[in-house]
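Student: 3D, please:
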Amino acid sequence: MNAGLISGWFARIFSRSFFDSLRQDFEIVEKRGIFTVRVATWMMIMQRLSASGTLNSALSELRFGNGRELLEPCKRVRENSISGNTGGYNRARQKMPEEAARRIAGHSFEQLHQRQPESGLQNRLFLLDGSSIRLAHTAAVVKAYPAAENQHGQSHWPVMRVCVLHHVVTALAMAPEFGPMYGQQAVSEQQLAEPLIARLPPESVLMGDRNFGVFSVAWQAHRHGHKVIVRMTEARAQRLLGNLSAGDHKVVWEPTREDRRSHPTLPAEARIEGRLIVARPEGMQENLFLFTTLAEPAEEVIGLYKERWNIETDLRSIKEQVRLHTITALSPKMIACELMMAITSYNLIRAVMTEAARQAQVEPRSLSFARSRDDFWAFARAVAHTDSPEEFDRLWRLLLRSIGQFKLYQRHRPPAPRAVWLKRQNFPLRKVQR
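Tutor: Just a heads-up that it's a prediction; the model follows:
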């Protein structure tokens with residue numbers, strides 16, 4: 001195995017046989033040249049992890065040796081005359097099928113999650129949440145993802161709704177589900193959650209907030225053999241139990257008439273036996289209503305629910321460090337590909353952080369994602385120019401030792417309400433479209 005990034009993680013996750021199956025299953029025709037599907041995948045990952053995130057940043061890395069071991073020995077590679085024009089790389093990105101990108105993201109999660117040897121309740125726990133991503137304004141994108149509209153008119157920016165599932169210990173992300181947030185074809189987070197839950201590893205535990213504390217989500221997990229911990233609104237909890245006295249109550253959750261109207265495929269015998277835990281943990285100003293099918297004590301279930309906040313910091317890392325606040329692709333297909341490659345890039349860093357945390361004997365979530373990403377980028381550049389396995393191993397050990405020291409500060413301060421500072425506008429707001 002050659003030295004370089006390929007020896008570290010890329011080839012261990014994405015073997016040549018994996019890309020051979022992609023080409024066969026999606027009938028991808030590749031001429032002998034530089035930008036194969038394998039190379040394009042690696043470059044899109046590096047583009048997401050780079051500081052600027054431009055096409056040229058990924059191409060420059062390739063031209064100066066970072067990832068050369070992935071290239072086929074064509075004439076331009078042998079003569080070291082790879083063009084600085086980004087057109088070839090861009091065409092390779094455009095030719096990648098959307099389902100191929102989805103399979104790449106799903107494969108990255110499966111391969112990395114299987115490497116986790118730990119067992120136990122917490123290692124079976126997955127966090128479910130939803131978010132939104134702003135998209136570029138083009139005719140094709142606006143048609144697929146309409147902008148918001150109210151009594152004052154239509155917004156300019158199209159918006160995508162995304163639903164995600166993250167492993168609670170390692171923060172690894174499954175390939176997300178997405179759809180339009182507005183318009184006639186708008187999808188809810190509960191709708192997007194159903195295909196995600198169907199792809200969970202066997203015997204998982206699903207956790208969700210009040211938005212997912214509905215029968216359809218709990219039933220989807222239950223019918224696939226998973227346990228659930230979902231927070232319920234007070235109204236739903238009261239409809240389920242009646243008297244909301246503090247304690248641990250056995251209940252049978254059955255769909256309401258509205259549930260059956262909105263989900264006509266629910267079987268007649270659909271019902272879930274579980275418990276409704278009513279409590280007010282220390283520091284909370286309102287009661288907590290948790291429905292669960294776990295058999296663990298109520299105190300343990302409440303302690304597990306405290307882990308739900310981690311999904312918020314995961315989404316922050318994805319949006320800020322992997323730059324998913326906005327996807328600037330100009331077509332719906334490329335938007336999907338960019339989203340999947342961003343999740344693949346995120347998983348790559350999370351996997352290295354997990355390995356570093358294991359060696360440092362700390363929790364993976366106690367380490368800084370931003371600093372780990374920066375060190376991984378420096379490592380990728382350093383090993384690009386060495387053919388010595390000994391030197392690669394030395395740099396790899398240095399990377400893991402360095403990341404293991406990037407512990408997050410433990411802040412002790414009271415929670416503050418969510419708020420946004422107003423930003424000064426340098427230019428007046430646009431009144432009409434061009």
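
Student: quick one: residue 380 from residue 323, how far?
Tutor: Using CB to CB, to the nearest Å, one gets 18 Å for the distance from residue 380 to residue 323. Backbone N, C-alpha and C define where each C-beta goes, glycine included.

Student: Next: residue 346.
Tutor: 11 Å.

Student: So the two - more neighbours on which side?
Tutor: residue 346 (27 against 20; other CB atoms under 10 Å).

Student: Got the phi and psi for that one?
Tutor: Main-chain torsions, residue 346, degrees, to the nearest 10: phi -60, psi -40.

Student: gap between it and residue 172?
Tutor: To residue 172, residue 346 is 9 Å away according to CB to CB.

Student: ditto for residue 226
Tutor: With CB to CB as the criterion, residue 226 and residue 172 are 17 Å apart.

Student: Looking at the two now, which is surrounded by more residues?
Tutor: Remark: of residue 226 and residue 172, residue 172 carries more neighbours, 25 against 21, as counted by other CB under 10 Å.

Student: Correct me if wrong: that one contacts residue 112.
Tutor: Yes: if you go by CB atoms under 8 Å, residue 172 and residue 112 touch, sitting 5.6 Å apart.

Student: Quickly list what's touching both of those two.
Tutor: 347, 350-351, 354 (CB atoms under 8 Å, 6 or more residues apart in numbering).

Student: Next secondary structure element downstream of the helix or strand bottoming out on mean pLDDT in the chain?
Tutor: Ranking every helix and strand in the chain by mean pLDDT, DSSP states H and E puts helix 5 at the bottom, with a mean of 44. As assigned by DSSP states H and E, the chain's next helix or strand after helix 5 is helix 11-13.

Student: Can you list the neighbours in contact with that next one?
Tutor: Residues from elsewhere that reach helix 11-13 (CB under 8 Å, 6+ apart): 1, 107-108, 111-112, 348, 351.

Student: Please enumerate the strands of the stretch 151-300 of the chain.
Tutor: 153-167, 177-180, 205-208, 227-231, 247-253, 272-279, 288-292 (DSSP state E, counting those that start in this stretch).

Student: who are the neighbours of the third one, in terms of helices and strands?
Tutor: Other elements packing on strand 205-208 under the criterion 3 or more CB pairs under 8 Å, 6 or more residues apart in numbering; DSSP states H and E are strand 125-135, helix 215-223, strand 227-231, helix 298-305.

Student: what do you get if the cut-off is 6 Å, keeping everything else the same?
Tutor: strand 125-135, strand 227-231 (3 or more CB pairs under 6 Å, 6 or more residues apart in numbering; DSSP states H and E).

Student: Centroid-wise, who is the farthest residue in the chain?
Tutor: residue 79 (39.4 Å; CA atoms, centre = their mean).

Student: how about that one, what does it touch?
Tutor: Counting by CB atoms under 6 Å, 6 or more residues apart in numbering, residue 79 makes contact with nothing.

Student: and of the shared contacts of residue 172 and residue 112, the nearest to residue 286?
Tutor: residue 350 (32.7 Å; CB to CB).

Student: Output the below-cut-off pLDDT ranges for the stretch 201-350 of the chain.
Tutor: Within the stretch 201-350 of the chain, the set of residues satisfying pLDDT under 70 is empty.

Student: anything in contact with each of residue 346 and residue 323?
Tutor: With CB under 6 Å, 6+ apart as the test, residue 346 and residue 323 reach no residue in common.

Student: Return the subset of the contacts of helix 11-13 lying in strands.
Tutor: Under the assignment DSSP state E, those contribute nothing to strands.

Student: What's the PyMOL line that selects buried ones from those residues?
Tutor: Burial among those is assessed by 16 or more other CB atoms under 10 Å; the matching PyMOL selection reads:
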select buried, resi 107+108+111+112+348+351
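
Student: Using pLDDT, spot the least trustworthy of the contacts of helix 11-13.
Tutor: When those are compared on pLDDT, residue 1 comes out lowest, with 34.

Student: got the strands of the stretch 151-300 of the chain as TSV, with distance to residue 74 and mean neighbour count columns?
Tutor: What follows is the strands of the stretch 151-300 of the chain, written out as TSV (distance: least, CB to CB, whole Å; neighbours: other CB atoms under 10 Å):
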stretch	distance to residue 74	mean neighbour count
strand 153-167	37	20
strand 177-180	36	20
strand 205-208	48	26
strand 227-231	52	24
strand 247-253	61	14
strand 272-279	58	19
strand 288-292	57	22
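
Student: for the ones you listed, which one sits closest to residue 405?
Tutor: That would be strand 153-167 among the strands of the stretch 151-300 of the chain, by CB to CB, at 23.3 Å.

Student: Give me the helices and strands touching that closest one, please.
Tutor: By 3+ CB pairs under 6 Å, 6+ apart, strand 153-167 packs against strand 125-135, strand 147-150, strand 177-180, helix 189-198.
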